[in-house]
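Q: Predicted coordinates and the sequence they were generated for:
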Amino acid sequence: MNKPYADSCDRNRDPILEVIAPLLADKRAVLEVGSGTGQHAIYFATKMPHLVWYASDRDENHEAIKLWLDEAKLENVHYPIELDVLRGEWPSIEVDAIFSANTAHIMHWRDVVAFVAGAGRLLTPGGLFILYGPFSFSGLHTSDSNVMFDMRLKQRDPFMGVRDFDDLDALAQKAGLKFQHDYALPANNRILLWQKS
């Protein structure tokens, strides 16, 4: 199997790092939900060596992630954990942050509901929930490109789509997560930050 590569990871990793590095400066361990190729896990764990980084994804993506991890040989990144948010079987690990990039819009809404609820259960008070991707606000997209992206997603699968902040924040509040900040990033993406009450 060839090592997978997503050029979007190389494009967005430094803007993401600029935001999350200060947020995670005093944290110990991060669970990444939906690690995909594993590129973010390697890059962020390299740049923030004080963190223990737990990669996770559905089982079918593990071999791809392992190829990146085996090549990097980093001591602070764990082999991927099998995590299907809908099944509700979250790992028994202690983390003080959960990070996820470009996942909410490709999950079905029921998966997003389960994802946010699971994050709220796993995080201890003060823990951070960091979500990166495209989002709309009060039903309005932030750019014409996000309108088109949302349409393409829904043509592919009507249960996918760019998620609205108000809907996500309602789920987060139910999960005991309090909204902290909205960070604008390049290419009409954002980081939304919540903290466990």
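A: All right, it came through fine. Numbers count the residues shown, from 1 in each chain.

Q: The residue lying closest to Leu122 once chain neighbours are set aside: what secondary structure?
A: Leaving aside its chain neighbours, Leu122 sits nearest to Trp90 (5.4 Å; criterion: Cβ to Cβ, 6 or more residues apart in numbering). No exception for glycine: its C-beta is placed from N, CA and C like everyone else's. What DSSP: H, G, I helix; E, B strand; the rest coil gives for Trp90 is coil.

Q: Phi, psi for Trp90 please.
A: Torsion angles at Trp90 (phi, psi; degrees, to the nearest 10) stand at phi -80, psi 150.

Q: In the least confident helix or strand in the chain by mean pLDDT, which residues are buried?
A: When each helix and strand of the chain is scored by mean pLDDT, DSSP states H and E, helix 62-72 comes last, with a mean of 90. Under the neighbour-count criterion of 16 or more other Cβ atoms under 10 Å, helix 62-72 has 62, 64-69 buried.

Q: Can you redo the residues you listed as a markdown table, where the extra columns are distance to Leu140?
A: Formatted as a markdown table, those follow (distance: Cβ to Cβ, whole Å):
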| residue | distance to Leu140 |
| --- | --- |
| His62 | 38 |
| Ala64 | 36 |
| Ile65 | 35 |
| Lys66 | 41 |
| Leu67 | 40 |
| Trp68 | 37 |
| Leu69 | 40 |
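
Q: What lies in contact with stretch 107-121?
A: By Cβ atoms under 8 Å, 6 or more residues apart in numbering, the list of residues contacting stretch 107-121 from outside reads 33, 85-86, 88, 90, 98, 100, 103-104, 129, 157, 159-160, 163, 168, 171-172, 174-177, 196.

Q: Please give me every residue in contact with Lys27.
A: Lys27 is in contact with 51, 96-97, 128, counting by Cβ under 8 Å, 6+ apart.

Q: Considering the residues you listed, which possesses the most neighbours?
A: Counting neighbours by other Cβ atoms under 10 Å, Ala97 comes out on top of these with 25 neighbours.
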